[in-house]
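how would this look folded up:
(2 chains)
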Amino acid sequence: MMNLLSVLQMDRFTPRFYIAAATDNMSLQKARVFEDSLLHKKVIKGSSAQFMQIYRSREVGQSYVTSVWTTLLATTHALWLMVKIRPQVVLCNGPGTCIPLCVIAFLFKVIGIRWSSIFYVESIARVKRLSLSGLLLYKLCIADQFFVQWPQLQRKYPRAHYVGCLM
Amino acid sequence: MVVKLSGGVHFGQNRIIDNEKFEMGDTRDSVSLKRIVFVTVGTTCFDALVKAVDTLEVKQELTRRGYTHLLIQMGRGTYVPTKAAVSLSGSCHVFAESLVVKFTNGIQMFVKLIKFCTTGIRGKEKDACISSIRNKPKSSKIGVMEFFHYRNFIGASSVAALTKSTLSLGEDGLMAVDYFTFSSSIADHLRSASLVISHAGSGSIFETLRHGKPLIVVVNEDLMDNHQSELAEELAARKHLYCAHPQSLHQVIAGMDLESLLPYQPGDATPVAKLINRFLGFPDD
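Numbers count the residues shown, from 1 in each chain, chains lettered A, B, ... in the order given. A predicted model of the protein is given here:
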């Protein structure tokens, strides 16, 4: 994700909201470091980035029964965040953390309010099969543009864009 | 605590919660002879790899290929490798000094254990223990296991230091072995390594490839839905690294030809940026 952000023009994509899972301690830290480096290199003038956390629909190894409840919780939280932020661009790389947000953004699009473009970049670790998040976003056509990093996936899922390895 | 011995070989103190850099050895005297193998499991528990690396076959193969030091980052694993520090000369003087080092290490560990049991852990160690507990699914059992793991780690280190020092010296040939659990950044260890043996996490793999180090990726067969192996196999097919299983590690080390590995060109994200800009209607640069 950081590799991708470093090649996007920051003045076109501002203000930026970084959202990570509530149990993830490292990703927001990386995002903060990235934003600080932008300030340092004077790419941006003021710090307009915000960092937020969202409940995860399902922790690794969690039972599917309790996942129903946590997914509802995550979806409600996502709804709250989407209304608050009203993004025009949603850029995500999985895993499941992004699904509630993408679904809400998609529902808004369907009913005609707050039109957000959704871009999904599948993980570089996915060479032959898509992740569950990727599958959902691809099959249900929720993502406007779906990027994969290996050619085998592009052959299997023709609507995806093959962009090579980002790392 | 670092003790300088005759012959210029340093013994660093084993840090359990490793926020500071782990000091492995002095490069001034032995820079031409020192070739470090760095083993990393990231934030996972991958006892099978640590055990495999700790076997005699693997250590013998590594020694045969000219490696002198083995540094293991064991993450959340519970298996404690045999810590062996052998000077290349193997003199009695070194042996006696190493016993003193291990004894004082053991005493310090024992004191820490007493402190831990009576007063609880504080500060950095507390944060690290809590964050490692928090990252696991909620269960008080896990908390208790973490406690025992921590305690066993200290206990094992001190007992191992005292009793195994006499046994392990000379047993493993010329390989010096050391280990730690976590580090805030493994970049320094990667930079000083001559060979990296890693779990199949994409972060570890690409960080190592970016440093241009020879890499053997070991896939964890205990993981359910092991999609990580796809990435390792694909990169091995493209000749950027070698792929192995814990059981076949010594064969892969014996048969590897590091000259045949192709350097990995770091990826470029500009195609994605172009596509996104075009979709949103921004002009192309």
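
just for chain A, where's the confidence low?
A:60 (pLDDT under 70).

residues from it in reach of chain B?
A:3-4, A:6-9, A:12, A:23, A:25, A:59-62, A:89, A:91, A:117, A:119, A:121, A:123-129, A:131, A:144-145, A:147, A:149-150, A:161, A:163-167 (Cβ under 8 Å from any Cβ of the partner chain). (Each C-beta comes from the backbone N, C-alpha and C, glycine too.)

Buried only: go through those residues for me.
Taking 16 or more other Cβ atoms under 10 Å in any protein chain shown as the criterion, what is buried in the residues of chain A next to chain B is A:3-4, A:8, A:59, A:89, A:91, A:117, A:119, A:121, A:123-127, A:131, A:144-145, A:147, A:149-150, A:163-167.

Compute the number of surrounding residues for the nearest residue to B:L62 once chain neighbours are set aside.
Distances taken as Cβ to Cβ, 6 or more residues apart in numbering or on different chains place B:V37 nearest to B:L62, at 5.7 Å, with adjacent residues excluded. B:V37 has 25 neighbouring residues, counting by other Cβ atoms under 10 Å in any protein chain shown.

Could you look up the SS state of B:V37?
strand (DSSP: H, G, I helix; E, B strand; the rest coil).

sorry, back to before: just the ones of the buried ones among the residues of chain A next to chain B in strands?
Residues of these located in strands (DSSP state E): A:89, A:91, A:117, A:119, A:121, A:145, A:147.

Test my guess that the fifth one contacts A:A143.
What it means is A:V121. No: applying Cβ atoms under 8 Å, one finds A:V121 not in contact with A:A143, separated by 9.6 Å.

What distance do you get for B:G212 to chain A?
14 Å (Cβ to the nearest Cβ, to the nearest Å).

In contact with residue 49, which residues?
No chain was given, so I picked chain A. A:15-18, A:31, A:35 (Cβ atoms under 8 Å, 6 or more residues apart in numbering or on different chains).

my question was about chain B
B:39, B:41, B:197, B:199, B:218, B:220, B:246, B:249.

could I get those residues as TSV with pLDDT, neighbour count and secondary structure?
Output for the contacts of B:L49, formatted as TSV (pLDDT from 0 to 100; neighbours: other Cβ atoms under 10 Å in any protein chain shown; DSSP: H, G, I helix; E, B strand; the rest coil):
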residue	pLDDT	neighbour count	secondary structure
B:V39	93	28	strand
B:V41	90	25	coil
B:I197	93	28	strand
B:H199	92	25	strand
B:V218	93	26	strand
B:N220	87	20	coil
B:P246	90	21	helix
B:L249	90	23	helix
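
Closest one of those to chain A?
Lowest distance from chain A to the contacts of B:L49 (Cβ to the nearest Cβ) belongs to B:H199, with 12.2 Å.

what are the bridge partners for the closest residue to B:A193 other than its chain neighbours, then?
Leaving aside its sequence neighbours, B:A193 sits nearest to B:F38 (Cβ to Cβ, 6+ apart; 3.7 Å). Counting by DSSP bridges, B:F38 forms beta bridges with B:L71, B:V196.

from what I can see B:F38 touches B:D188, true?
No: using Cβ under 8 Å, B:F38 makes no contact with B:D188, being 10.1 Å away.

quick one, which of those two is more surrounded?
Higher neighbour count among B:F38 and B:D188: B:F38, with 23 against 11, using other Cβ under 10 Å.

Now do the contacts for the more buried one.
By Cβ under 8 Å, 6+ apart, B:F38 lies in contact with B:71, B:73, B:186, B:189-190, B:192-193, B:195-197.

With distance to B:T63 added, can I get these in TSV?
TSV is the format used below for the contacts of B:F38 (distance: Cβ to Cβ, whole Å):
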residue	distance to B:T63
B:L71	15
B:Q73	20
B:I186	23
B:H189	20
B:L190	22
B:S192	19
B:A193	16
B:L195	12
B:V196	17
B:I197	15
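
And the residues you listed, which is closest to B:D47?
Nearest to B:D47, judged by Cβ to Cβ, of those is B:Q73 at 13.2 Å.

Run a quick neighbour tally on the closest residue to the closest one other than its chain neighbours.
Leaving aside its chain neighbours, B:Q73 sits nearest to B:T40 (4.4 Å; criterion: Cβ to Cβ, 6+ apart). B:T40 has 25 neighbouring residues, counting by other Cβ under 10 Å.

ditto for A:G46
By other Cβ under 10 Å, 8 other residues sit near A:G46.

Quick one, grab the pLDDT at the residue nearest to B:L62.
For B:V37, the model assigns a pLDDT of 92.

Give me the nearest residue to the residue nearest the centre of chain A, chain neighbours excluded.
Chain A has A:C92 as the residue nearest its centroid, 1.9 Å off, counting by Cα atoms, centre = their mean. In this structure, A:C92 finds its nearest non-sequential neighbour in A:C98, 3.6 Å apart by Cβ to Cβ, 6+ apart.

give me phi/psi at the one you found?
phi -80, psi -20 (degrees, to the nearest 10).
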